[in-house]
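Asker: With the input below, show me the fold.
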Amino acid sequence: MKRMMSACPKQVALLKEQVILVDKQDRIVGHETKEQSHLNSNIEKGMLHRAFSVFLFNSENKLLVQKRSDEKITFPGLYTNTCCSHPLYTIPAEQDGVQGVKEASVRRLQDELGITEVAVSDLHFMTRMLYHSPSNGQWGEYEMDYVLIVKKEVKLDINANEISEVAYLTKAELYSKLSDPAFPRTPWFDLIATSLLSKWWDNLEDLDSLKNDQIMEMSNPPGY
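Answerer: Next up is the predicted model:
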């Protein structure tokens, strides 16, 4: 991650957004800035926040992936799923569990990718994933990550401050890339893709039958 002194002003401003703090049972316990919630010094004390990861497929069952721009403060230049971000405490509708995360997903799909075709009703909630991953000595992630899938034909208008590349990949193409340890990807994308995504990808027309509302602990907690 970049030093804050040299970071993009737009990305620094986004660090002031208020994310939703939760306990390990996903109960809201407060709020904090995106900056404070991503500091390893706070994560090591157990500061956990809510997030989401959207996987968008087109009519050919290809997954839209993005490469995070070099301007991003957390995990710059890494490949990841279609859209990953946070519901905000300052938007009351986004505090409402699955529904709130869907509302936030629609907002961020438009902000990052210019997608206006996806509605809340198009999004399938699949599971909640609790994971922890340092980015470097200062920054990291400790998230209650809601995983959502949508199958939709969309038009893209990429926000270059957020994303440097996009591509639609077949299942074989993605897993070929993931088999290369040198392929630069975000830790949450790697966890979801290697542990959960394959079965969902094979059943895009019957996703609701695969939904799991149990919280899945996917990595060691902070301080382990």
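
Asker: Identify the single longest helix in this protein, thanks.
Answerer: Identified as the longest helix of the chain according to DSSP state H is helix 97-113.

Asker: residues of that one that come out buried?
Answerer: By 16 or more other CB atoms under 10 Å, the buried positions in helix 97-113 come out as 97, 100-110, 112-113. For the C-beta atoms, the positions are set from N, CA and C on the backbone; glycine is no exception.

Asker: Over to stretch 23-43?
Answerer: So stretch 23-43, judged by 16+ other CB under 10 Å, has buried residues 26, 31-32, 34-40, 42-43.

Asker: Check stretch 191-207 too.
Answerer: Quick answer for stretch 191-207 (16+ other CB under 10 Å): 191-193, 196-197, 200-201, 207.

Asker: same check, this time on stretch 148-159
Answerer: Those would be 148-150, 152, 154, 158, for stretch 148-159 by 16+ other CB under 10 Å.

Asker: Residues contacting stretch 16-36, please?
Answerer: If you take CB atoms under 8 Å, 6 or more residues apart in numbering as the criterion, stretch 16-36 is touched by 14-15, 37, 42, 47-51, 86-90, 94-95, 97, 128, 130, 144, 215.

Asker: just stretch 216-224 next, same as before
Answerer: 43-46, 127-133, 142, 187, 191, 195.

Asker: if you set the cut-off to 7 Å instead, what comes out?
Answerer: 43-44, 46, 127-133, 142, 191, 195 (CB atoms under 7 Å, 6 or more residues apart in numbering).

Asker: Tell me where this protein is predicted with low confidence.
Answerer: 1-8, 10-12, 135-137, 223-224 (pLDDT under 70).

Asker: Just the element for Arg50, please.
Answerer: strand 49-57 (DSSP states H and E).

Asker: wait, what's in contact with Arg50?
Answerer: Per CB under 7 Å, 6+ apart, neighbours of Arg50: 19-20, 22, 86-87, 144.

Asker: What sits closest to the residue positioned nearest the centre of the chain if chain neighbours are left out?
Answerer: Central residue of the chain (CA atoms, centre = their mean): Cys84, 2.5 Å from the mean position. Closest residue to Cys84 apart from its sequence neighbours, by CB to CB, 6 or more residues apart in numbering: Ser53 at 4.8 Å.

Asker: next one: Ile215
Answerer: Arg128 (4.8 Å).

Asker: distance of the one you found from Lys152?
Answerer: According to CB to CB, to the nearest Å, Arg128 and Lys152 sit 22 Å apart.

Asker: same check, this time on Ser133
Answerer: 29 Å.

Asker: again with Lys199
Answerer: In terms of CB to CB, Lys199 sits 20 Å off from Lys152.

Asker: And for Asp70?
Answerer: Distance from Asp70 to Lys152, by CB to CB: 28 Å.

Asker: quick revisit: show me what contacts the residue nearest to the centre of the chain?
Answerer: The contact partners of Cys84, by CB under 7 Å, 6+ apart, come to 51-53, 188.

Asker: again with Phe55
Answerer: Contacts of Phe55 (CB under 7 Å, 6+ apart): 63, 81-82, 149, 197.
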